[in-house]
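Engineer: Provided below for reference: sequence and predicted model.
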Amino acid sequence: MVTDMDMQGTGPGRRAVCGLGLIAAAAAVMPARWALAAPAPSRKLPALSAAGRQFLAGRLRYATVLQSFAVDEGKGRLYALQVVAGGVRLAGEETALPHAQRVRNGDLCLNRLTLDGSAAGHMYLKGFGHGGSIGLEDSGDGVTLWTEWDANPASGYGRGVCRFRFTDGQVLERDSGELRTYHPVTGSTSNVPALDVTHRQLLLRYKRGGIPRFALYDLDRFRAGWFLPRTDFAQPGAGLALPFQGMAVYGNYAYQLLGSAYGTGNPASSGGNTRLYRIDLRTGRVVWQQLERTAPGLSPREPEGLAVLRDGGTPRLCLGFVEGPAGGRGFRLYDKALS
């Protein structure tokens with residue numbers, strides 16, 4: 001995942017209902033009303049500190065890397081985002097575009113796979129963003145996906161978020177009528193969502209003034225265009241200057257993944273610089289973190305994506321890593337207990 005640029009958006013979207021003053025007020029007032037008593041720090045290592053076990057291995061439609069993923073456990077499907085590869089010509093385009101142009105445009109391919117790694121459909125999302133996180137809502141008549149949206153032409157990263165139904169083979173433009181679109185934070189960029197459908201929450205990561213932040217919303221109010229966050233705080237760990245590689249939310253906690261692939265300054269012999277965090281949403285503070293040691297033998301082992309798995313009793317956290325040579329990248333997902 002390429003580190004996102006600190007670019008400013010051009011203003012509020014048609015669904016925006018609050019400005020900077022409302023966000024600031026919410027950040028100051030809402031946590032006190034919403035938060036429960038935060039737990040005392042514990043010296044016991046959580047189950048989350050263990051190395052993950054392999055959950056799935058596969059390849060996407062193109063050789064470009066996995067950016068993020070979500071799992072529909074009920075239907076046995078994985079949804080994964082990647083930037084469209086160079087040399088691809090989509091419906092309505094006069095020519096095939098190079099990969100660098102796809103990055104600047106924010107053109108994504110949304111892959112659907114079975115949980116044995118087999119391809120099971122795809123969509124194209126033109127002008128959406130870089131694909132840093134994806135949310136999923138399942139229902140009896142289909143799947144709704146949440147992604148970043150409205151890519152800034154100067155950076156390729158989304159200035160808002162959107163939701164849409166998965167339709168195999170469809171090409172969605174940023175102004176497609178099938179989209180439900182949101183600009184929750186006026187003037188922001190690098191917007192990416194994660195969902196906790198069990199507790200009806202949406203976690204937003206965004207940048208304003210070059211500073212990455214997290215904001216937590218009631219999912220149903222957000223869907224209705226009411227953008228008053230329960231809490232809003234600066235992203236922990238941003239000072240390490242490690243690439244942001246994914247997030248998830250469940251209950252009172254957010255989880256984030258930072259790090260880069262093996263290479264100069266991050267040799268395989270070191271075990272890598274990937275860091276996993278648990279953040280208490282009631283306080284905005286890190287309650288646990290570690291250098292993540294899952295699958296140290298992968299190459300290039302770039303961390304890409306987090307998701308929460310809920311079936312089978314105890315919730316589990318699922319981590320993604322890229323593997324394989326340039327031009328032939330695959331991915332592996334690993335899961336471990338969330339407790």
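Structural biologist: On my side now, so go ahead.
Engineer: Run through the helices of the stretch 201-339 of the chain in chain order.
Structural biologist: Using DSSP state H, counting those that start in this stretch, the helices found in the stretch 201-339 of the chain span residues 219-223.
Engineer: sec struct for residue 103, please.
Structural biologist: helix (DSSP: H, G, I helix; E, B strand; the rest coil).
Engineer: neighbours around it, how many?
Structural biologist: 19 (other Cβ atoms under 10 Å). Bear in mind the C-beta positions are built from the backbone N, C-alpha and C, glycine included.
Engineer: In this structure it contacts residue 156, no?
Structural biologist: Yes. Between residue 103 and residue 156 there is a contact under Cβ atoms under 8 Å: 5.1 Å.
Engineer: shared neighbours, the two?
Structural biologist: residue 130 (Cβ atoms under 8 Å, 6 or more residues apart in numbering).
Engineer: Am I right that residue 122 is in a helix?
Structural biologist: No. Secondary structure assignment (three-state DSSP) places residue 122 in strand, not in a helix.
Engineer: From the opening residue of stretch 90-100 to its closing one, how far?
Structural biologist: One end of stretch 90-100 sits 16 Å from the other (Cα to Cα, to the nearest Å).
Engineer: residues in contact with it?
Structural biologist: 64, 83-89, 105, 107, 124, 126, 171.
Engineer: Which residue is the nearest non-sequential neighbour of residue 89?
Structural biologist: Distances taken as Cβ to Cβ, 6 or more residues apart in numbering place residue 96 nearest to residue 89, at 4.0 Å, with adjacent residues excluded.
Engineer: And for residue 276?
Structural biologist: Residue 276 sits nearest to residue 292 (Cβ to Cβ, 6+ apart), 4.5 Å away.
Engineer: need the contact list for the one you found.
Structural biologist: Counting by Cβ under 8 Å, 6+ apart, residue 292 makes contact with 257, 259, 272, 274-276, 303, 319.
Engineer: quick one on the thing from earlier: between the contacts of stretch 90-100, which is nearest residue 244?
Structural biologist: Among the contacts of stretch 90-100, residue 83 lies closest to residue 244 (Cβ to Cβ), at 15.9 Å.
Engineer: one step back: and the contacts of residue 292 as CSV, adding pLDDT, distance to residue 201 and neighbour count?
Structural biologist: Below are those laid out as CSV (pLDDT from 0 to 100; distance: Cβ to Cβ, whole Å; neighbours: other Cβ atoms under 10 Å):
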residue, pLDDT, distance to residue 201, neighbour count
257, 98, 19, 25
259, 98, 25, 24
272, 97, 30, 25
274, 98, 25, 25
275, 98, 23, 18
276, 98, 20, 26
303, 98, 23, 27
319, 98, 20, 26
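Engineer: List just the nearest of those to residue 69.
Structural biologist: Lowest distance from residue 69 to the contacts of residue 292 (Cβ to Cβ) belongs to residue 319, with 10.1 Å.
Engineer: which residues touch the closest one?
Structural biologist: Going by Cβ under 8 Å, 6+ apart, residue 319 touches 52, 246, 257, 276, 292, 294, 303, 305-306, 333-336.
Engineer: Over to residue 160?
Structural biologist: The contact partners of residue 160, by Cβ under 8 Å, 6+ apart, come to 13, 15, 148-150, 181-184, 191.
Engineer: show me where the stretch 51-200 of the chain has strands.
Structural biologist: For the stretch 51-200 of the chain, applying DSSP state E, counting those that start in this stretch gives strands covering 53-58, 68-72, 77-83, 108-114, 119-126, 135-139, 142-151, 158-165, 171-173, 180-182, 189-196.
Engineer: any idea which of the ones you listed scores lowest on pLDDT?
Structural biologist: In terms of mean pLDDT, the lowest-scoring of the strands of the stretch 51-200 of the chain is strand 135-139 (a mean of 92).
Engineer: Next, count neighbours for the nearest residue to residue 73 once chain neighbours are set aside.
Structural biologist: Closest residue to residue 73 apart from its sequence neighbours, by Cβ to Cβ, 6+ apart: residue 311 at 4.3 Å. Neighbour count for residue 311, taken as other Cβ under 10 Å: 9.
Engineer: picking up where we left off before, which one of the contacts of residue 292 is nearest residue 74?
Structural biologist: residue 319 (21.3 Å).
Engineer: For the closest one, list each beta-bridge partner.
Structural biologist: residue 306, residue 334 (DSSP bridges).
Engineer: Quick check: it vs residue 332, distance?
Structural biologist: Using Cβ to Cβ, to the nearest Å, residue 319 is found at 9 Å from residue 332.
Engineer: Now stretch 230-246: buried residues?
Structural biologist: Neighbour counts over stretch 230-246 (16 or more other Cβ atoms under 10 Å) mark 230-233, 235-237, 242-246 as buried.
Engineer: Do I have it right that residue 161 meets residue 149?
Structural biologist: Yes. Residue 161 is within contact range of residue 149, at 5.5 Å (criterion: Cβ under 8 Å).
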